[in-house]
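Enquirer: next input, structure requested:
(2 chains)
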Amino acid sequence: MDLKELYQEIILDHGKNPRNIGKFENFNKDAEGYNPLCGDKVHIYLKLNENKEIEDISFEGHGCAISMASASIMTELMKDKKNPEVKEILNDFLDMIKQSPELKSQLIKEDEKTKLMSLSGVKQYPMRVKCATIAWHALASAMNYKKDENNSEKFI
Amino acid sequence: MSLKDIKKEFPIFNNKIQNNDLVYLDSANSSQKPQVVVDRIYDFYTKEFSNVGRSIHYLAVAATNLYENTRTLVQKYINAKDKNEIVFTKGATEAINLVANTFGQKYLKEGDEILLTELEHHSNYVPWHYLRKSKGVKIKFAEMDENGDVTLETIEKNITDKTKIIAITHLSNVTGAILPVKEITKLAHSKNIPVLIDGCQGAPHLKLDMQDLDCDFYAISCHKMYGPTGLGILYAKKKWLEELPPYQGGGGMIREVKKEGITFGELPNKYEAGTMATAQVIAFGESIKFINKIGIDNIEKHERELTVYGEEVLRKNNSVKLIGNPKNKGSVLSFTLDGVHPHDIATILDEDGVAIRAGHHCCQILHEKLGLSATARASLGVYNTKEDLDQLNESLNKCKKIFS
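Expert: Predicted coordinates for the structure are as follows:
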């Protein structure tokens, strides 16, 4: 595993200049992700309309380049996505970070896949997987997703 | 034994770690093990194994003697008055839990105060926290100053007539501050307050003398002292071990068990319920002998020189900010690097075989005070060299380059 694979340009860019950062006023859902190992925090804010569509999304937090980049890329991707899609993409991403070699969901465009796959380097660093997933887990709790009883890695 | 070739005594340094020579700078977390300790575990299991303190066959008697030999070695090493003041536990964490639990049960009541410091590791805060709920006690934290120190005056200021015990670290695992534990103990005793010292970082690096220090309790982590994991030591003055109730119940700690009631065993068995970490205790005897062969004075001197050198090197690096500048400092170098999160530092350093710790080091109260969620920490052991610290600095420059 090469460090360059972990710290790709795209990660360094989003890590240093995260998009969608800061709380916005009219959010109606929020949740915090926390990594007890390092004390890193990511707070997700959502504006979810009646159609269960994410009209706006942002995050606040502090953490390493991986966790900040992951939160930044996630918020870019999830904006304007509707509920069942959000869950499908979330599960697909978590599956890719933990085991699957690729993203399977048809809902993710090729350029978005490239961005998400830039985070796949953490697979080689088990202690850093949590860094890449902290924002995604916070999103799941903001959306009130529950864990699958038969598969704790999956949200239903 | 000379310090010059000491790395050779530690087999881990014979191996490449991801194609690199290992630069191990995480000894405050856990130390590496010398060959003699590793061999002792192997020999015990292959040639001498038996449970101790129960059966009377040959192996059991021999193993019991070996086990008790370590108790005597520890007693001498820390200059305790009595060998029965040495209690083996599963770690320093259990040693502190033992005191918090039994002392709390017997002596604490609603409104009483426990005085800690802001420097404390979670293992010297969380065990006391339970007494808030069960006994309604209050926990106070003596403040850390801007140097990462806690002074005698600050301790004095926080003592009230409700203070029932003072529990403090000997050496901070983040700022490296060595607290004036002897003076604090003297002050506390003048007010009839017992003192527990968390010696996890003190014991591996500083000369200990329990009779001179006069503290009531001292907790030791053996795996940080070139010894095996799963083992800690509680030193406690005999009067406390006699007065306090037992901690855990089980085999080995009783005198007589009847349906109507139970009487408990003598010291030290009273606090050693169940089958103990026998091989670890016996192997830890080799750790003490190893330290004695080098001489703790030589270890202190070596680590002090390295700490000063490490501080010099890191101070020259403009992007590095050292955390803590205490009056007396142990061999801990905590720092931040401009624009790079400690977790990213640790991962990038790892690529060069440089093992450090990143995070809150189980000291969230301290990090909150610093206004940081995490720091990077290089901590030293007997096997470290100036070259290790040069490599640390070189790898930090690589981090800067990646994130520039």
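Enquirer: look up how far residue B:76 lies from residue B:147.
Expert: Applying CB to CB, to the nearest Å, the value for residue B:147 to residue B:76 is 35 Å. From N, CA and C alone the C-beta is placed, and that goes for glycine too.
Enquirer: ok, stretch B:301-321 near chain A or not?
Expert: No: Stretch B:301-321 is not in contact with chain A by CB under 8 Å from any CB of the partner chain; minimum separation 15.0 Å.
Enquirer: in that stretch, what counts as buried?
Expert: Buried residues in stretch B:301-321, counted by 16 or more other CB atoms under 10 Å in any protein chain shown: B:302-304, B:306-307, B:310-311, B:313-314, B:317, B:319-320.
Enquirer: that one - what's its average pLDDT?
Expert: Mean per-residue pLDDT for stretch B:301-321: 97.
Enquirer: next one: that stretch to chain centre, how far?
Expert: Its chain's C-alpha centre lies 23 Å from the corresponding centre of stretch B:301-321 when counted by CA atoms, centre = their mean, to the nearest Å.
Enquirer: of the buried residues of stretch B:301-321, which belong to helices?
Expert: B:302-304, B:306-307, B:310-311, B:313-314 (DSSP state H).
Enquirer: still on that earlier bit, what is the nearest of the buried residues of stretch B:301-321 to chain A?
Expert: Nearest to chain A among the buried residues of stretch B:301-321, counting by CB to the nearest CB, is residue B:319 at 15.0 Å.
Enquirer: so where's chain A uncertain?
Expert: A:1 (pLDDT under 70).
Enquirer: just the strands from it, written as ranges.
Expert: A:29-35, A:40-48, A:54-62, A:147-148, A:151-155 (DSSP state E).
Enquirer: tell me the centre residue of the chain?
Expert: If you meant another chain, say so; for now it's chain A. For chain A, residue A:136 is the residue whose C-alpha lies nearest the centre (CA atoms, centre = their mean; 3.5 Å).
Enquirer: hang on, that one packs against residue A:73?
Expert: No: using CB atoms under 8 Å, residue A:136 is not in contact with residue A:73; the gap is 10.1 Å.
Enquirer: helix, strand or coil for residue B:376?
Expert: With DSSP: H, G, I helix; E, B strand; the rest coil as the basis, residue B:376 sits in strand.
Enquirer: beta partners for it?
Expert: Assessed by DSSP bridges, residue B:376 has beta-bridge partners residue B:335, residue B:358.
Enquirer: which residues of chain A lie near chain B?
Expert: A:3, A:6-7, A:12, A:16, A:37-41, A:62-66, A:125, A:128, A:131.
Enquirer: ok, of the residues you listed, which come out buried?
Expert: A:6-7, A:12, A:38-41, A:63-66, A:125, A:128, A:131.
Enquirer: still on that earlier bit, out of the strands of chain A, deepest packed?
Expert: strand A:40-48 (a mean of 22; mean count of other CB atoms under 10 Å in any protein chain shown).
Enquirer: for the chain, just list every one of the helices.
Expert: No chain specified, so I'll use chain A. A:3-6, A:9-16, A:65-78, A:83-98, A:110-117, A:129-142.
Enquirer: hm, I was asking about chain B
Expert: Using DSSP H, helices in chain B cover B:35-43, B:58-77, B:92-107, B:126-135, B:152-158, B:181-190, B:210-213, B:238-243, B:278-294, B:296-316, B:342-350, B:364-370, B:386-403.
Enquirer: residue in chain A with the shortest distance to chain B?
Expert: Counting by CB to the nearest CB, chain A gets nearest to chain B through residue A:64 (3.8 Å).
Enquirer: so that residue versus residue A:125, what's the distance?
Expert: 11 Å.
Enquirer: picking up where we left off before, ok, the residue of chain A closest to chain B - contacts?
Expert: By CB atoms under 8 Å, 6 or more residues apart in numbering or on different chains, residue A:64 lies in contact with A:15, A:38, A:40, A:128, A:131, B:341-344.
Enquirer: how does it look with 10 Å?
Expert: By CB atoms under 10 Å, 6 or more residues apart in numbering or on different chains, residue A:64 lies in contact with A:15, A:35, A:38, A:40, A:70, A:128, A:131-132, A:134, B:340-347, B:358, B:374.
Enquirer: how about the residue positioned nearest the centre of chain B, phi and psi?
Expert: The residue lying closest to the centre of chain B (CA atoms, centre = their mean) is residue B:200, at 1.0 Å. Residue B:200 has phi and psi values of phi -50, psi -40 when expressed as degrees, to the nearest 10.
Enquirer: domain assignment for chain B?
Expert: B:6-30+B:295-403, B:38-292 (automatic domain parsing).
Enquirer: so which of the ones you listed comes closest to residue A:114?
Expert: domain B:6-30+B:295-403 (20.6 Å; CB to CB).
Enquirer: contacts only, for residue 47.
Expert: Using chain A here. Per CB under 10 Å, 6+ apart, neighbours of residue A:47: A:24-29, A:53-58.
Enquirer: ah, I was thinking of chain B
Expert: Residue B:47 touches B:59, B:62, counting by CB under 10 Å, 6+ apart.
Enquirer: what's the spacing between it and residue B:282?
Expert: 12 Å.
Enquirer: then residue B:97?
Expert: 24 Å.
Enquirer: what parts of chain B come near chain A?
Expert: Counting by CB under 10 Å from any CB of the partner chain, chain B comes close to chain A at B:18, B:339-348, B:350-352, B:358-360, B:364, B:367-368, B:372-374, B:398-399, B:402-404.
Enquirer: of the residues you listed, buried ones?
Expert: B:340-348, B:350-352, B:358-360, B:367, B:372-374, B:399, B:402-403.
Enquirer: what about stretch A:31-41, start to end distance?
Expert: End-to-end distance of stretch A:31-41 (CA to CA, to the nearest Å): 11 Å.
Enquirer: equivalent analysis for stretch B:343-359, please.
Expert: 7 Å.
Enquirer: one more: stretch B:261-271?
Expert: For stretch B:261-271, the end-to-end distance is 18 Å (CA to CA).
Enquirer: and if you look at stretch B:261-280?
Expert: Using CA to CA, the end-to-end distance of stretch B:261-280 comes to 33 Å.
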